[in-house]
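Engineer: any chance you can model this:
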Amino acid sequence: MSTETAPRQDHVSRPAKPQSTQRLRRFSLLTGRLRPAVAAAPVPVAEPADALELFASEGGKQPPTRSKPRISLAPVIAALALAAALGEGAYIVWHLRNAAPPTTGTFRIASRPDGAEVYIDGQRQGTSPIDLNLQAGRHDLELRHGTMSRRESVDISAGQSAVHSFDLGPAPAGTGGEATATLELITEPSGARVSVDGRARGTTPLVLTDLTPGVHDVVLTTRSTSVRRQVRLGAGPTAVVMAPAAPTTAPAPQQPGWVRVESNIPLDVYEEDRLIGTSAIDRIMLPAGSHALRLVSRPLNFEGKQTVQITGGQMKVVKPDLPNGTLSINALPWAEVLVNGERKGETPLGNLSVPIGQHEVVFRHPQFGEQRRSVTVTTGGITRVGVDLRR
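Structural biologist: Got it, this is the predicted structure:
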């Protein structure tokens with residue numbers, strides 16, 4: 001007999017849902033969202049101040065707004081400034097350590113009187129006072145002012161300054177350093193009034209010490225006559241003018257004459273023990289007749305004698321014979337030598353006989369070039385000059 005078994009019910013029957021609830025579920029399935037069967041109680045939402053806040057952005061929900069912390073730039077700027085200062089200081093230290101040492105020194109040359117020509121290693125640099133920038137080492141210095149000269153070696157230190165002052169002659173009185181000349185006036189008989197360049201200066205015998213070198217107009221006047229002379233004065237020694245102040249009673253009066261000494265070296269001119277002029281003066285006035293003169297150069301250790309016959313109104317020129325001195329010349333490594341432009345041979349040159357006085361010596365070498373030296377040769381010994389052309 002067949003028995004029909006009722007089908008097994010695997011689920012418990014549930015009460016039928018209301019129709020409104022079924023419609024809500026179907027809508028949720030269509031929109032992809034499963035909502036609970038029963039709507040939850042509404043949660044109260046605070047009303048925003050602005051209606052636009054009700055709309056979310058198109059990209060979805062916005063995260064809550066958070067205030068960003070403010071970053072201060074003061075420490076960053078201070079750190080950058082400190083780094084720049086340290087970098088600049090390091091550069092200065094590096095530059096000082098690696099800077100090339102100086103190779104020159106400053107040399108200021110002054111003289112009395114001013115205006116002396118300055119020669120360094122034979123090359124003219126200008127007139128004193130002068131500031132020069134010279135290579136470190138030893139240099140040959142020479143100053144020339146008229147008949148006066150001064151020569152010596154100077155050492156220049158790199159990066160250092162030096163000042164040298166040279167006295168080229170006696171300090172003239174009352175002229176603020178300017179050169180002066182001295183004039184002695186003698187008349188026979190004495191008592192003549194003296195006028196120099198139109199200015200009365202006194203009566204003979206008279207010595208004037210405040211005249212400037214050059215040509216002056218001298219007038220000697222007595223009650224009965226006047227004598228005018230053009231006198232050329234040089235700086236230093238005294239010039240003497242001897243002139244008759246009045247006509248003599250002799251039947252044939254003689255006028256004074258003049259003597260001029262021409263020499264390559266400065267010479268003082270004496271008559272007996274009285275200085276009457278120098279070789280730098282254009283003319284020296286002397287009475288007519290015979291005169292025994294002494295020609296003296298103390299720096300060169302020379303004295304010569306000359307007798308001259310003076311004719312009234314005429315000039316007598318004296319050219320003294322100067323003795324020779326001995327010159328010794330050497331150079332390293334060697335050099336061709338010229339003395340006053342004349343070739344003398346190659347170094348070493350010993351016992352070379354040349355006239356006393358100043359001479360220019362030129363050293364020439366095919367590799368080390370040319371150097372010049374000024375040398376003063378005197379009597380009574382050997383004058384030596386040498387150079388190292390490798391320096």
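Engineer: the closest residue in space to Arg298 that isn't next to it in sequence and Gly341, how far apart?
Structural biologist: Excluding its sequence neighbours, the residue lying closest to Arg298 (Cβ to Cβ, 6 or more residues apart in numbering) is Asp268, at 7.9 Å. From N, CA and C alone the C-beta is placed, and that goes for glycine too. Applying Cβ to Cβ, to the nearest Å, the value for Asp268 to Gly341 is 29 Å.
Engineer: who has more neighbours out of those two?
Structural biologist: Neighbours per residue (other Cβ atoms under 10 Å) separate Asp268 from Gly341, with Asp268 holding more: 20 against 7.
Engineer: my read: that one touches Leu275, true?
Structural biologist: Yes: in this structure, Asp268 is within contact of Leu275 by Cβ atoms under 8 Å, at 6.1 Å.
Engineer: tell me which element Leu352 falls in.
Structural biologist: Element membership for Leu352, per DSSP states H and E: strand 349-355.
Engineer: if you could redo that for Gln309, that was the one I meant.
Structural biologist: strand 302-310.
Engineer: list the contacts of that strand.
Structural biologist: 256-259, 265, 286-297, 316, 318, 320-323, 356, 378-379 (Cβ atoms under 8 Å, 6 or more residues apart in numbering).
Engineer: flag the shaky bits of this protein, pLDDT-wise.
Structural biologist: Within the chain, the stretches with pLDDT under 70 are 1-73, 76, 85, 87-101, 147-148, 161-179, 235-254.
Engineer: for it, just list every one of the helices.
Structural biologist: For the chain, applying DSSP state H gives helices covering 19-31, 74-98.
Engineer: now do the strands in the stretch 101-250 of the chain.
Structural biologist: Remark: strands assigned in the stretch 101-250 of the chain by DSSP state E, counting those that start in this stretch are 104-112, 117-120, 123-127, 130-135, 137-145, 148-156, 161-167, 181-188, 193-196, 199-203, 206-211, 214-221, 226-233, 238-244.
Engineer: got it, and the stretch 251-391 of the chain?
Structural biologist: Using DSSP E, counting those that start in this stretch, strands in the stretch 251-391 of the chain cover 257-261, 268-271, 274-278, 284-286, 289-297, 302-310, 315-318, 324-332, 336-339, 342-346, 349-355, 357-365, 369-377, 382-388.
Engineer: just put these in JSON lines and tack on distance to Ala192.
Structural biologist: Putting the strands of the stretch 251-391 of the chain into JSON lines (distance: least, Cβ to Cβ, whole Å) gives the following:
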{"stretch": "strand 257-261", "distance to Ala192": "19"}
{"stretch": "strand 268-271", "distance to Ala192": "21"}
{"stretch": "strand 274-278", "distance to Ala192": "19"}
{"stretch": "strand 284-286", "distance to Ala192": "15"}
{"stretch": "strand 289-297", "distance to Ala192": "21"}
{"stretch": "strand 302-310", "distance to Ala192": "21"}
{"stretch": "strand 315-318", "distance to Ala192": "24"}
{"stretch": "strand 324-332", "distance to Ala192": "46"}
{"stretch": "strand 336-339", "distance to Ala192": "51"}
{"stretch": "strand 342-346", "distance to Ala192": "52"}
{"stretch": "strand 349-355", "distance to Ala192": "43"}
{"stretch": "strand 357-365", "distance to Ala192": "40"}
{"stretch": "strand 369-377", "distance to Ala192": "43"}
{"stretch": "strand 382-388", "distance to Ala192": "49"}
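Engineer: deepest of these, which one?
Structural biologist: When you average the neighbours per residue for each of the strands of the stretch 251-391 of the chain (mean count of other Cβ atoms under 10 Å), strand 284-286 leads with a mean of 24.
Engineer: on contacts alone, who are the packing partners of it?
Structural biologist: On a contact count with 3 or more Cβ pairs under 8 Å, 6 or more residues apart in numbering; DSSP states H and E, strand 284-286 meets strand 238-244, strand 257-261, strand 274-278.
Engineer: put the alpha carbons of the last one into PDB.
Structural biologist: What that stands for is strand 274-278. In PDB, the C-alpha atoms belonging to strand 274-278 read as follows (Å, rounded to 0.1, in the frame of the first residue of the first chain):
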ATOM      1  CA  ARG A 274     142.500 131.700  -1.000                       C
ATOM      2  CA  LEU A 275     139.600 130.100  -2.900                       C
ATOM      3  CA  ILE A 276     138.700 132.300  -5.900                       C
ATOM      4  CA  GLY A 277     136.200 130.100  -7.700                       C
ATOM      5  CA  THR A 278     135.500 126.600  -9.200                       C
END
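Engineer: let me know the angle separating that strand from strand 289-297.
Structural biologist: In terms of direction (axes from the mean of the first three to the mean of the last three Cα atoms, to 10 degrees), strand 274-278 departs from strand 289-297 by 80 degrees.
Engineer: against which helices or strands is strand 274-278 packed?
Structural biologist: Counting by 3+ Cβ pairs under 8 Å, 6+ apart, strand 274-278 packs on strand 238-244, strand 268-271, strand 284-286.
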